[in-house]
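Peer 1: mind looking at a prediction? Sequence and model below.
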Amino acid sequence: MQLIIPACNEERRLPATLRALRAYALSTGTVPRPPLEVLVVDNGSTDRTAEVAASLDSPAMRVRVLHCAEPGKGAAVRAGIAAATSDVVGFMDADGATDLAAFEAAAVRLAAGADVVIGSRAAEGAETEARHTRLRSVGAGAYRRAAAVLVPGIADTQCGFKIFRGDLARDVFAATETAGFSFDVEVLARCLDLRARVEEIPVVWTDVPGSTFSPLRHGLRSFADLLAIGWRLRRRPTVATRPTPLRPGLPPEVSRELAEPGLRLVGER
């Protein structure tokens, strides 16, 4: 498995996250854990982010540093996905806000046939510890309502923990244009458009001080990005003209049957 971590000036928060990931990779659980490689995408940092990340490379967990000159979290994750080659890829935030037990839950869902597994702070059973200002809380609520128009059925598009089938991720991210914080919405909308099986899992999430997201600086841009995403998706071919995605390892006729509307997926009504 390859995990992408976008990072801009994260020299303080990143080391703890990478050490926790290495400890997780070395531990045993109820689900077999494949080797883990982390791709840290340095997104224009002016601090020692790249140096700190490289110093934590080890045989137990490889850490590779990539560089993305295009600003924006979406651009950084897209660059990481493009460089990934494994059958399972994902991304998480540099702050490590999502408890790593989510990996085991995601592995179970993927083994059961999910194409995409996303952490959710809104799913039943989720535990969150947040220290948001009232302005950010109000803005987040408005954003969720706006995003729901593009990805109906998905309660939390912005949790920084998402795992994908590798081939699907590479195809979807190659078509995704959003460079900023709203890229998750476009990615998930495109996954649903391909009839991918998207499943949300409850996570334990702790707000870690030091977020680079500013409600005033990034908020309006995020809403504008939602409008742009909606416009791009309206211009795509209709469902009838798009090929049905096939599931790797299954006969074509079985794969197509699984992708038919008879199987209810997230986003279907």
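Peer 2: Arrived safely, thanks for sending.

Peer 1: please count neighbours and contacts with C-alpha atoms only from this point.
Peer 2: Noted.

Peer 1: what number of residues lie near the nearest residue to residue 36 once chain neighbours are set aside?
Peer 2: Nearest non-adjacent residue to residue 36, counting by CA to CA, 6 or more residues apart in numbering: residue 1, 5.1 Å away. If you count neighbours by other CA atoms under 10 Å, residue 1 ends up with 18.

Peer 1: distance of residue 1 relative to residue 28?
Peer 2: 16 Å (CA to CA, to the nearest Å).

Peer 1: picking up where we left off before, in contact with the residue nearest to residue 36, which residues?
Peer 2: By CA atoms under 8 Å, 6 or more residues apart in numbering, the residues touching residue 1 are 34-37, 86-89.

Peer 1: would you list every one of the helices in the stretch 51-200 of the chain?
Peer 2: 73-83, 101-111, 134-150, 166-175, 183-193 (DSSP state H, counting those that start in this stretch).

Peer 1: count the residues that sit near the residue lying closest to residue 204 once chain neighbours are set aside.
Peer 2: Nearest non-adjacent residue to residue 204, counting by CA to CA, 6+ apart: residue 127, 4.6 Å away. Residue 127: 17 surrounding residues under other CA under 10 Å.

Peer 1: and the residue nearest the centre of this protein?
Peer 2: residue 162 (3.3 Å; CA atoms, centre = their mean).

Peer 1: just confirm that one contacts residue 117, I think it does.
Peer 2: Yes: using CA atoms under 8 Å, residue 162 makes contact with residue 117 at a distance of 5.8 Å.

Peer 1: returning to what we had before: lowest average pLDDT across the helices of the stretch 51-200 of the chain?
Peer 2: Lowest mean pLDDT within the helices of the stretch 51-200 of the chain: helix 134-150, a mean of 82.

Peer 1: what comes up buried for that one?
Peer 2: Neighbour-count burial for helix 134-150, counted by 16 or more other CA atoms under 10 Å, picks out 136, 139-140, 143-144, 147-148, 150.

Peer 1: what angle do helix 183-193 and it make with each other?
Peer 2: Orientation of helix 134-150 against helix 183-193 (axes from the mean of the first three to the mean of the last three CA atoms, to 10 degrees) gives an angle of 20 degrees.

Peer 1: and helix 134-150, what does it pack against?
Peer 2: Here helix 134-150 touches helix 183-193, helix 215-234, going by 3 or more CA pairs under 8 Å, 6 or more residues apart in numbering; DSSP states H and E.

Peer 1: quick one: contacts of it?
Peer 2: 154-157, 185, 189, 215, 219, 223, 226, 230.

Peer 1: would you work out how far apart the start and end of stretch 61-80 are?
Peer 2: 17 Å.

Peer 1: count of neighbours near the closest residue to residue 156 other than its chain neighbours?
Peer 2: For residue 156, ignoring the flanking residues on the chain, the nearest one in space by CA to CA, 6+ apart is residue 120 at 5.3 Å. Per other CA under 10 Å, the neighbour tally for residue 120 reads 29.

Peer 1: how about residue 228?
Peer 2: Residue 228: 15 neighbours (other CA under 10 Å).

Peer 1: how close does it sit to residue 160?
Peer 2: 22 Å.

Peer 1: and for residue 52?
Peer 2: 21 Å.

Peer 1: who has more neighbours, these two?
Peer 2: residue 160 (21 against 17).

Peer 1: who's in contact with that one?
Peer 2: 91-93, 98, 119.

Peer 1: next: residue 76.
Peer 2: Contacts of residue 76 (CA under 8 Å, 6+ apart): 6-7, 41-43, 68, 70, 179.

Peer 1: columns distance to residue 204 on top of those residues, output as a markdown table?
Peer 2: Compiled in a markdown table, those are given as follows (distance: CA to CA, whole Å):
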| residue | distance to residue 204 |
| --- | --- |
| 6 | 21 |
| 7 | 22 |
| 41 | 25 |
| 42 | 26 |
| 43 | 27 |
| 68 | 30 |
| 70 | 31 |
| 179 | 27 |
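
Peer 1: out of those residues, which end up buried?
Peer 2: Here, 16+ other CA under 10 Å leaves 6-7, 41-43, 68, 179 buried among those.
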